[in-house]
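Peer 1: Need coordinates for the following:
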Amino acid sequence: MRLAVSQVKQRHAVISLGGGKKSIEKLKEKGKMSPRERIEYLIDKYSVFIELGAFAGYEMYPEYGGCPAGGTVAGIGYVCGRQCMIVANDNTVKAGAWFPITGKKNLRMQEIAMENHLPVIYIVDSAGVFLPMQDEIFPDKEHFGRIFRNNAQMSAMGITQIAAVMGSCVAGGAYLPIMSDETLMVEGNGSIFLAGPYLVKAAIGEDIDIQTLGGAKTHTEISGIADYKFDTEQECLQQVRRIMDKIGEQPRAGFDRIKAVAPQKDPKEIYGLVTVDNSKTYDIVEIIERIVDNSEFDQFKEDYGKTIVCGYARIEGWAVGIVANQRKIVKSGKGEMQMGGVIYNDSADKAARFIMNCNQKKIPLVFLQDVTGFMVGSRSEHSGIIKDGAKLVNAVANSVVPKITIVIGNSYGAGNYAMCGKAYDPRFIYAWPNARIAVMGGDQAAKTLLQIQVASLKAKGQEIDPEKEKAMLKEITDRYTAQTTAYYAAARLWVDEIIDPVETRRVISEGINAANHAPIVKEFKTGVFQV
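Peer 2: Next up, the predicted model:
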């Protein structure tokens with residue numbers, strides 16, 4: 001596990017270079033900072049910054065040279081003591097152009113800001129839509145234009161948005177800073193226009209340079225579009241801090257928090273409890289006791305539905321309700337041996353009841369996923385596993401308290417849904433390096449796909465000898481396995497970030513702190529389900 005964590009950090013270090021060292025050097029020549037330097041300068045010194053979507057686009061778009069971090073650096077940080085969402089274009093990646101994954105990442109960051117009522121700071125330096133892929137980023141509901149719809153909705157919600165324009169802001173992208181509450185520009189580098197000089201020349205025959213067309217002087221003195229202009233990026237970011245410093249307090253959700261206490265059991269021992277191939281069984285309570293304050297965990301219905309563990313604890317002082325899959329071999333009341341990671345009828349029933357309790361008490365929920373799915377077979381079907389599973393899914397779907405999900409192992413099939421996967425709107429969802437997300441386990445999926453493929457070939461009259469069948473199985477297994485890794489999931493934003501298991505406490509705490517900015521306005525209702 002330590003090696004897996006080290007590999008995450010090494011890959012992140014490469015991603016942090018964006019378009020590469022030469023591209024960063026070119027920025028310096030223009031008096032510009034890299035996006036990560038801008039964020040570091042902006043946030044409070046010695047404060048926490050939780051980067052999100054660092055692996056967005058990982059190993060995607062090889063035909064275009066890749067898109068590190070989705071061409072955008074983003075995350076949650078503190079500016080003048082106020083927690084906020086920061087989104088910075090990376091001009092070193094195709095001039096900050098928007099790939100499809102860029103749009104998806106930016107929309108996810110706005111979604112987080114909207115759900116948690118966090119102020120947003122946009123650091124703008126982008127050439128607009130990446131034209132070779134415009135059909136995959138421009139016209140659809142979840143594409144580029146949704147950004148500006150969200151700008152408008154956040155403004156109506158009273159969520160502060162500040163745009164610092166430090167480079168190009170072209171075409172449709174020009175609406176983003178203008179739909180923000182306040183717009184700042186850096187003279188000489190910042191520019192805002194619907195059409196650049198080349199397009200203006202082609203469209204109406206006018207010859208004009210970038211700064212005269214849409215520079216800081218033009219927009220602060222003539223058009224009135226921008227509110228401030230500065231000679232340097234540092235001055236611009238200092239003004240952002242001064243604006244943030246004066247934002248008034250908003251109503252809070254009121255989640256319970258007391259003084260934090262470190263776990264009695266060393267969190268680093270998690271490295272030895274979980275294996276990177278997810279093959280080893282372990283007691284999930286041992287994991288929980290290395291995450292929660294003072295290693296204190298009060299189990300709910302401890303002796304019932306043992307393949308899901310539920311209970312109350314505190315994380316960095318915050319009261320939480322934890323729902324976690326049990327991976328050790330446990331014994332049911334009927335004396336049967338059950339393999340952990342599978343959700344049984346009684347486990348689903350228990351978890352649904354616990355989730356309702358947490359909603360009743362206004363306690364945020366933490367899901368620790370290591371699930372292979374619901375139990376199958378005649379006994380489970382006759383016992384109504386689908387009914388009990390639906391009850392759990394119903395409770396998760398209708399929960400109004402914040403949900404934070406950590407994928408600490410497998411996340412297969414309907415178990416992904418029942419344990420609050422991405423489709424069930426967790427406020428934040430993280431993965432450990434060993435996480436596996438798929439419709440079913442690799443071995444089962446590969447053998448199923450092999451049977452289908454072999455049957456199809458035999459129907460066409462082809463002979464399949466054992467060696468060929470073995471080679472086909474390996475090819476299918478390798479392909480399927482590659483599509484289930486934490487990196488594959490993070491590249492497509494199925495999870496917000498891959499984290500070091502030791503950082504689990506910190507990201508959960510920051511997530512609840514963010515969620516505490518948004519009062520709960522919906523009433524918890526489960527609707528109709530079979531009891």
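Peer 1: In a helix, Ile437, correct?
Peer 2: No: counting by DSSP: H, G, I helix; E, B strand; the rest coil, Ile437 falls outside a helix, being strand.
Peer 1: List the contacts of it.
Peer 2: Contacts for Ile437 (Cβ atoms under 8 Å, 6 or more residues apart in numbering) come out as 407, 411-412, 416, 421, 431, 484, 486, 488-489, 494-495. Every residue, glycine included, has its C-beta placed from N, CA and C.
Peer 1: from the residues you listed, which would you call buried?
Peer 2: Neighbour-count burial (16 or more other Cβ atoms under 10 Å) applied to those gives 407, 411-412, 416, 421, 431, 484, 486, 488-489, 494-495.
Peer 1: follow-up on the earlier one: could the contacts of Ile437 go into JSON lines alongside distance to Ser168?
Peer 2: Output for those, formatted as JSON lines (distance: Cβ to Cβ, whole Å):
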{"residue": "Val407", "distance to Ser168": "37"}
{"residue": "Ser411", "distance to Ser168": "40"}
{"residue": "Tyr412", "distance to Ser168": "44"}
{"residue": "Asn416", "distance to Ser168": "40"}
{"residue": "Gly421", "distance to Ser168": "37"}
{"residue": "Ala431", "distance to Ser168": "34"}
{"residue": "Thr484", "distance to Ser168": "38"}
{"residue": "Ala486", "distance to Ser168": "34"}
{"residue": "Tyr488", "distance to Ser168": "32"}
{"residue": "Ala489", "distance to Ser168": "32"}
{"residue": "Trp494", "distance to Ser168": "31"}
{"residue": "Val495", "distance to Ser168": "31"}
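Peer 1: Let me have the buried ones among the contacts of Ile437 in JSON lines, extended by secondary structure.
Peer 2: Converted to JSON lines, those look like this (three-state DSSP):
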{"residue": "Val407", "secondary structure": "strand"}
{"residue": "Ser411", "secondary structure": "strand"}
{"residue": "Tyr412", "secondary structure": "strand"}
{"residue": "Asn416", "secondary structure": "helix"}
{"residue": "Gly421", "secondary structure": "coil"}
{"residue": "Ala431", "secondary structure": "strand"}
{"residue": "Thr484", "secondary structure": "coil"}
{"residue": "Ala486", "secondary structure": "helix"}
{"residue": "Tyr488", "secondary structure": "helix"}
{"residue": "Ala489", "secondary structure": "helix"}
{"residue": "Trp494", "secondary structure": "coil"}
{"residue": "Val495", "secondary structure": "coil"}
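Peer 1: nearest to Glu37, of the residues you listed?
Peer 2: Val495 (26.3 Å; Cβ to Cβ).
Peer 1: circling back to that earlier point, would you reformat the contacts of Ile437 as JSON lines and include pLDDT?
Peer 2: Formatted as JSON lines, these follow (pLDDT from 0 to 100):
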{"residue": "Val407", "pLDDT": "98"}
{"residue": "Ser411", "pLDDT": "94"}
{"residue": "Tyr412", "pLDDT": "92"}
{"residue": "Asn416", "pLDDT": "93"}
{"residue": "Gly421", "pLDDT": "96"}
{"residue": "Ala431", "pLDDT": "98"}
{"residue": "Thr484", "pLDDT": "92"}
{"residue": "Ala486", "pLDDT": "97"}
{"residue": "Tyr488", "pLDDT": "96"}
{"residue": "Ala489", "pLDDT": "97"}
{"residue": "Trp494", "pLDDT": "97"}
{"residue": "Val495", "pLDDT": "98"}
